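**Student:** sequence unavailable; structure follows:
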């Protein structure tokens, strides 16, 4: 007989082995995909979380604290050598030139002016007050002190 004319007897045991192999391969595939996804998520969290030392006015003194310890209402001193801002806030005094390219895609640096004191009475509006707002992830290129000294930033 020719090879294609031969009949092969398949037993129930063969199907069990086949099913077991499919289950084992599926479990290994799911486990490796879950592991790699978890590893990527943790790596992304570490990359996104940026912490540095910042100078904060608390009471009447200037303290150096980790940016993760900042709370809403803190007044932060902005320094020109600050590579990246780790927080959002409103510019209170001075002028700052920032690079918002990683947020907006614009290649031109943006000048941020201090918020006028009478503007704070109406509350904060993210669209109207965009020219006074500094965003997390942007880099400070240049600082110009205002009347009260170095640029200040309100969280």
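**Tutor:** Now that the structure is in, tell me what you want to look at. Owing to the predicted nature of the structure, the values given are computational and were not obtained by experimental measurement. Residues are numbered from 1 along each chain as shown.
**Student:** hmm, residue 68 is touching residue 50, no?
**Tutor:** No: in this structure residue 68 lies outside contact range of residue 50 using C-beta atoms under 8 Å: 9.5 Å. Using the backbone N, CA and C atoms, a C-beta is placed for each residue, glycine as well.
**Student:** which one's more surrounded, these two?
**Tutor:** Set residue 68 next to residue 50 and count neighbours by other C-beta atoms under 10 Å: residue 50 wins out with 15 against 12.
**Student:** the more buried one and residue 134, how far apart?
**Tutor:** According to C-beta to C-beta, to the nearest Å, residue 50 stands 14 Å off from residue 134.
**Student:** quick check: neighbours shared by residue 68 and residue 50?
**Tutor:** Residues touching both residue 68 and residue 50 (C-beta atoms under 8 Å, 6 or more residues apart in numbering): residue 86.
**Student:** how close does the residue nearest to the spatial centre of the chain get to residue 70?
**Tutor:** Centroid-nearest residue in the chain: residue 48, 3.8 Å away (criterion: C-alpha atoms, centre = their mean). Separation of residue 48 from residue 70 (C-beta to C-beta): 17 Å.
**Student:** got any ranges where the chain has weak pLDDT?
**Tutor:** Along the chain, segments meeting pLDDT under 70 span 1-13, 80-83, 147-155.
**Student:** go again with 50.
**Tutor:** The model of the chain has no residue with pLDDT under 50.
**Student:** since that was my last question, I'll sign off now.
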